[in-house]
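Engineer: requesting a structural model of the entry that follows:
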Amino acid sequence: MGVTGLSSVATAQEFPKGQTITIVVGFVPGGGTDTATRIVAKSLAANLGQPVVVENRPGAGGVIATQAVVNAKPDGTTLLLGTIGPMTVSPHLMKLSFDPLKDLAPITMGVNFPNVLVVPPSLKINTLAELVAAAKKEPGKLTYASTGVGSAAHLAGELFAQRAGVELIHVPYKGGSAAMLDLLSGRLDAYYATPTTSLQHVQTKKLIPLATTGLKRTDAMPDVPTMAESGYPGFNATNWYAFVAPAKTPAPILDRWNTEIVKVLNDPEVREQLNKHGLTPDPTTRQELADFMAKESETWKQVVKERNIKLE
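Structural biologist: Have a look, this model is predicted:
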């Protein structure tokens, strides 16, 4: 009993109670990662009774932010909302000074969701079939945006190009909000956007949704067909955000963070807020997240190889 009591005290002391917690985001404010993080951070701060701030460190498709957290002090005060690109794709595209599966410790999955392929009304395209026809008529003319080389949006675009037998020009951005501005202004033809950045514009008919990239329709846009329903059976390229910490963070702190973040993700009010932005909460155990990321890394390794994806 004495040993158990001491262990509990040690755990309590290890968790950074009373300190400012920083959650790093690899993209500019206004996009899906930023929105999801701020919703969770606000609830965490209220539950813990301590400051939880969001730090945006855009660049290199999220790699800069990921590198920063890899190098952060492993004391539980710095977390990262990791994304598919730097966590499971970038290692197969470039030589990194870190291995995200070894140098970051999984805490819990945050959210997952499909992207939605949207185009401006000025393009005069209303269906995926019409986009394919236009792309085949003028190969290499149409452009599509993503939040960086190796991002979920980029990979969705590569998969679609492969399946449809078309070539569109990829235009990478540092974040969803910047890409959206250029799409709305007519400087781009299409964008594999998150529901967060596109929903409002779809509702106001400033953008036309052609298809979503998951196996099932998204609750945020139930009338929009999936790629699979639009002639590409089995097409699946979902996006996800996961909470991770520096690898050497003590297990008791990681376990506590799992408990706290899972509690927030299961909160009905938080779930409602995330759902409004087309984000589906998906809390997991630490091991479940580790297994998932390893599987994703292997999947996208094959796509990068088959499509010969290179840094632009």
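Engineer: pLDDT below threshold where in the stretch 1-150 of the chain?
Structural biologist: The model of the stretch 1-150 of the chain has pLDDT under 70 over residues 1-13.
Engineer: return the residues in contact with residue 29.
Structural biologist: 56, 175, 177 (CB atoms under 8 Å, 6 or more residues apart in numbering). All C-beta spots, glycine's among them, are computed from the backbone N, C-alpha and C.
Engineer: for those residues, which single residue is the most surrounded?
Structural biologist: Most neighbours among the contacts of residue 29, by other CB atoms under 10 Å: residue 175, with 24 neighbours.
Engineer: tell me who's in contact with that residue.
Structural biologist: 27, 28, 29, 30, 31, 34, 58, 147.
Engineer: what about 6 Å?
Structural biologist: Shown in contact with residue 175 (CB atoms under 6 Å, 6 or more residues apart in numbering): 27, 28, 31, 58, 147.
Engineer: measure the nearest residue to residue 194 once chain neighbours are set aside to residue 67 for me?
Structural biologist: Leaving aside its chain neighbours, residue 194 sits nearest to residue 32 (3.6 Å; criterion: CB to CB, 6 or more residues apart in numbering). Look at residue 32 and residue 67: by CB to CB, to the nearest Å, they are 21 Å apart.
Engineer: what do you get for residue 232?
Structural biologist: According to CB to CB, residue 232 stands 35 Å off from residue 67.
Engineer: circling back: the residue nearest to residue 194: neighbour count?
Structural biologist: Residue 32 is flanked by 30 other residues according to other CB under 10 Å.
Engineer: name the helices or strands packed onto the lengthiest strand in the chain?
Structural biologist: For the chain, the longest strand by residue count, based on DSSP state E, is strand 104-114. In terms of contacts (3 or more CB pairs under 6 Å, 6 or more residues apart in numbering; DSSP states H and E), strand 104-114 is packed against strand 238-246, helix 251-265, strand 280-281, helix 286-307.
Engineer: of the ones you listed, which is nearest residue 143?
Structural biologist: Nearest of those to residue 143, taken as CB to CB: helix 286-307 at 17.6 Å.
Engineer: return the closest one as PDB; C-alpha atoms alone will do.
Structural biologist: C-alpha atoms of helix 286-307 as PDB (Å, rounded to 0.1, in the frame of the first residue of the first chain):
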ATOM      1  CA  ARG A 286      -2.200   5.100 -27.000                       C
ATOM      2  CA  GLN A 287      -1.500   1.600 -28.500                       C
ATOM      3  CA  GLU A 288      -4.400   1.900 -31.000                       C
ATOM      4  CA  LEU A 289      -2.900   5.200 -32.300                       C
ATOM      5  CA  ALA A 290       0.600   3.700 -32.600                       C
ATOM      6  CA  ASP A 291      -0.800   0.700 -34.600                       C
ATOM      7  CA  PHE A 292      -2.800   3.000 -36.800                       C
ATOM      8  CA  MET A 293       0.100   5.300 -37.600                       C
ATOM      9  CA  ALA A 294       2.300   2.400 -38.500                       C
ATOM     10  CA  LYS A 295      -0.300   1.100 -40.900                       C
ATOM     11  CA  GLU A 296      -0.800   4.500 -42.500                       C
ATOM     12  CA  SER A 297       2.900   4.900 -43.000                       C
ATOM     13  CA  GLU A 298       3.100   1.700 -44.900                       C
ATOM     14  CA  THR A 299       0.100   2.500 -47.000                       C
ATOM     15  CA  TRP A 300       1.300   5.900 -48.100                       C
ATOM     16  CA  LYS A 301       4.800   4.600 -48.600                       C
ATOM     17  CA  GLN A 302       3.400   2.500 -51.400                       C
ATOM     18  CA  VAL A 303       1.400   5.400 -52.900                       C
ATOM     19  CA  VAL A 304       4.500   7.600 -52.900                       C
ATOM     20  CA  LYS A 305       6.400   4.900 -54.700                       C
ATOM     21  CA  GLU A 306       3.800   4.000 -57.300                       C
ATOM     22  CA  ARG A 307       2.900   7.600 -58.100                       C
END
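Engineer: which helices and strands does that helix pack with?
Structural biologist: Applying 3+ CB pairs under 6 Å, 6+ apart, we find helix 286-307 packed against strand 104-114.
Engineer: relative orientation of the strand it packs on and helix 251-265 in degrees?
Structural biologist: 20 degrees (axes from the mean of the first three to the mean of the last three CA atoms, to 10 degrees).
Engineer: contacting residues around strand 104-114?
Structural biologist: Contacts of strand 104-114 (CB under 6 Å, 6+ apart): 36, 195, 212-214, 218, 238-245, 247, 249, 254, 257-258, 261-262, 278-284, 286, 289-290.
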